[in-house]
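> sequence first, predicted model second:
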Amino acid sequence: MVTVITAFFRKMIPELSNPSVCMKDPQRVQKVLQSIAEAGANKLQVISDFDMTLTRFSYNGKRCPTCHNILDNSRAISSECKQKLADLLKTYYPIEIDTSLSVEEKLPLMVEWWTKAHDLLVEQKVRKDQLAEAVHESEARLRDGYEFFFNHLHKHDVPLLIFSAGIGDILEEVIRHFNVFLSNVKIFSNYMDFDESGTLRAFKGELIHVYNKREGALLNTGHFQELRTRPNVLLLGDSIGDLNMADGVQDMQNILKIGFLNDKVEERKQTYLDSYDIVLVKDETMDVPNAIVLYLTGNK
Ligand SMILES: Nc1ccn([C@@H]2O[C@H](COP(=O)(O)O)[C@@H](O)[C@H]2O)c(=O)n1
C-alpha cells in the first residue's frame with residue numbers, strides 16, 4: 001500500500017513521511033488532526049496501552065519483556081515456575097495475535113492465560129520489595145523518544161491514561177525507573193494485593209486482559225467524568241483490543257488512533273490499516289507520536 005502524503009503533512013508533520021508510517025485514509029487523518037489542534041491542548045486527553053506500545057518490542061534483535069515477563073524472568077520466581085510461565089506464553093501468545101480467530105473465540109483463552117499466570121505468581125509468594133529489583137535487573141525499555149512524549153504532555157497539562165493488561169505495580173516501577181511517573185499520568189491495570197507482611201496473596205478487582213478493555217473502561221466512569229471537558233482523544237495501542245480503551249470517554253468529538261504493528265506484520269497489516277488511522281510498522285521509536293503531540297499543542 002502506498003500512502004499519499006499531502007502537502008499539509010509534509011509541511012506540518014514531516015515525520016508522517018517516515019518509511020514506517022502507513023495510513024488507509026490520509027485525508028481523514030489530516031481532518032482529525034486539524035480539528036484537535038484547533039480545539040487546543042486543553043480539550044485533549046491521551047490514552048495509551050503500555051506493553052509494546054510505550055515499551056519497545058525488541059532491542060538489538062531480542063524481544064523486550066512485557067510487565068508480566070519482567071516478573072516471570074526475575075529472581076522472585078523459581079526455575080520450575082519460570083518454565084511453567086514460559087510454556088503459558090508459548091501456548092497463548094500465538095493465540096492472542098492469531099488473525100484466523102475472532103475476538104469472541106480468543107476471549108475465554110485470554111482469561112485462561114491471565115488466570116493461570118496470576119495463580120502461579122501468587123503461589124510463588126512474591127514480595128512487594130522484589131518488584132523494584134525485578135525491574136532494575138530487567139531488559140525493559142521504553143521506546144526511544146519517551147522522555148519528550150511524557151514531559152511534553154506534562155508541560156501542557158494533558159492527561160495521559162496508561163491502560164494496561166499488564167501488572168500495574170510493575171508498570172509503575174518501570175515508569176518510575178525511567179523518571180516519567182509524572183502528575184498527569186493515571187494508570188488502569190491489574191494491581192497486586194499484598195498481605196500485611198508484603199506477600200502477594202491475590203490480584204485486585206476485575207481482571208483486565210487484552211480483549212476486555214471496553215469493560216475496563218466502562219468500570220472507570222469516574223475518571224472519564226473528570227475529563228469530560230476534554231472531548232478529543234489521541235489513542236496509542238499495539239493490539240486490536242486496545243481500540244476499545246476510549247470506550248468510556250464522554251461526549252467524544254474526535255479520536256485519532258495510532259497503532260504499533262510489531263509482529264506478524266504481513267498477516268495483520270490490513271486489519272491494522274482498517275482499524276487504526278496511522279499504523280507504525282516495526283517502528284521502535286516515539287518519533288511519530290511525538291511529532292503529533294507537538295503539532296496538537298500548537299508546536300509549543
Ligand atoms: N501472562 C501474561 C499475560 C499477558 N502478557 C502480555 O502482556 C500484554 C498485555 O499488556 P498491555 O499493556 O499491552 O495491555 C499482552 O500483549 C500479552 O502478550 C504476558 O506477557 N504474560
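Yes, it's here.
> neighbours of the residue nearest to Lys125 when sequence neighbours are not counted, how many?
Leaving aside its sequence neighbours, Lys125 sits nearest to Thr199 (Cβ to Cβ, 6 or more residues apart in numbering; 5.1 Å). Every residue, glycine included, has its C-beta placed from N, CA and C. As a burial measure, Thr199 scores 13 neighbours (other Cβ atoms under 10 Å).
> backbone dihedrals for Thr199, please?
Main-chain torsions, Thr199, degrees, to the nearest 10: phi -100, psi 140.
> so it sits against Val126, correct?
Yes: between Thr199 and Val126 there is a contact under Cβ atoms under 8 Å: 7.4 Å.
> please name the residues that touch the nearest residue to Ser35 once chain neighbours are set aside.
Distances taken as Cβ to Cβ, 6+ apart put Asn254 closest to Ser35, at 4.9 Å, once the chain neighbours are dropped. Listed by Cβ atoms under 8 Å, 6 or more residues apart in numbering, the contact set of Asn254 reads Val32, Ser35, Ile36, Ala39, Pro231, Asn232, Val233.
> could you measure from Asn254 over to Ile36?
Separation of Asn254 from Ile36 (Cβ to Cβ, to the nearest Å): 5 Å.
> joint contacts of the two?
What both Asn254 and Ile36 touch, as defined by Cβ under 8 Å, 6+ apart, is the set Asn232.
> near the ligand, which residues of the stretch 201-300 of the chain are found?
Val210, Ser239 (Cβ under 6 Å from any ligand atom).
> where does the stretch 201-300 of the chain get nearest to the ligand, residue-wise?
Of all residues in the stretch 201-300 of the chain, Val210 sits closest to the ligand, at 5.2 Å by Cβ to the nearest ligand atom.
> wait, that residue touches Asp238, no?
No: applying Cβ under 8 Å as the test, Val210 and Asp238 come out as separate, 9.6 Å apart.
> contact residues of the stretch 51-200 of the chain facing the ligand?
So the stretch 51-200 of the chain meets the ligand at 51-52, 66, 68-69, 89, 93, 96, 113-114, 117, 164-166 (Cβ under 6 Å from any ligand atom).
> just the buried ones out of those residues, please.
Buried by 16 or more other Cβ atoms under 10 Å: 51-52, 66, 68-69, 89, 96, 113-114, 117, 164-166, out of those.
> in helices, which of those appear?
His68, Asn69, Leu89, Glu96, Trp113, Trp114, Ala117 (DSSP state H).
> which non-adjacent residue is nearest the last one?
The shortest distance from Ala117 to any non-neighbouring residue, by Cβ to Cβ, 6+ apart, is to Leu88 (5.6 Å).
> the one you found: how many residues sit nearby?
18.
> list the contacts of it.
Here Leu88 is in contact with Trp113, Lys116, Ala117, Leu120 (Cβ under 8 Å, 6+ apart).
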